[in-house]
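[1] Based on what follows, work out the 3D shape:
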Amino acid sequence: MSKKKPLPYAARYGVQEALEANSEAIHSLEPVIRGRVTDPEERMRRVALAVNNIQTSILMLTNVMSIPGGER
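    Below is the predicted model:
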């Protein structure tokens, strides 16, 4: 088995940012999923925030794929 080279710093940063965006998306949706948010406007705000965070995550991971050595 060959030894894997570590990801470049920029790629590690992008992956970390994507993970944080995913975590924030889950954090904003958790009260909705558990039924603690009943106000329709607040529910939609949280869903929109989660979608925005997921979009940010996708963008960060797409950027990582364009970094030389970032694709694994």
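
[2] element containing Gln16, please.
    helix 9-33 (DSSP states H and E).

[3] buried sites along the very next helix or strand once past that helix?
    Once helix 9-33 ends, the next helix or strand along the chain (criterion: DSSP H and E) is helix 40-65. Within helix 40-65, the residues that qualify as buried by neighbour count (16 or more other C-beta atoms under 10 Å) are 46, 50, 53-54, 56-57, 60-61, 63-64. For the C-beta atoms, the positions are set from N, CA and C on the backbone; glycine is no exception.

[4] Also stretch 25-33?
    Buried residues in stretch 25-33, counted by 16+ other C-beta under 10 Å: 25, 28-29, 32.

[5] ok, back up a step: let's have the buried residues of helix 40-65 in CSV, adding distance to Val37 and pLDDT.
    As requested, the buried residues of helix 40-65 are exported to CSV (distance: C-beta to C-beta, whole Å; pLDDT from 0 to 100):
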residue, distance to Val37, pLDDT
Arg46, 6, 97
Ala50, 12, 98
Asn53, 17, 97
Ile54, 18, 98
Thr56, 22, 97
Ser57, 22, 98
Met60, 27, 96
Leu61, 28, 96
Asn63, 32, 94
Val64, 33, 93
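
[6] Closest to Val15 out of those residues?
    Within the buried residues of helix 40-65, distances to Val15 taken as C-beta to C-beta reach their minimum at Val64, with 5.9 Å.

[7] low pLDDT regions in this structure?
    1-3, 70-72 (pLDDT under 70).

[8] repeat that for 80
    1-5, 69-72 (pLDDT under 80).

[9] returning to that earlier point: pull the distance from the helix holding Gln16 to the chain's centre.
    Helix 9-33 sits 3 Å away from the centroid of its parent chain (C-alpha atoms, centre = their mean, to the nearest Å).

[10] report the angle between the axes of it and helix 40-65?
    Angle, helix 9-33 to helix 40-65, by axes from the mean of the first three to the mean of the last three C-alpha atoms, to 10 degrees: 160 degrees.

[11] List of residues touching helix 9-33?
    With C-beta atoms under 8 Å, 6 or more residues apart in numbering as the test, helix 9-33 has contacts from 6-7, 37, 43, 46-47, 49-51, 53-54, 56-58, 60-61, 63-64, 67, 69-70.
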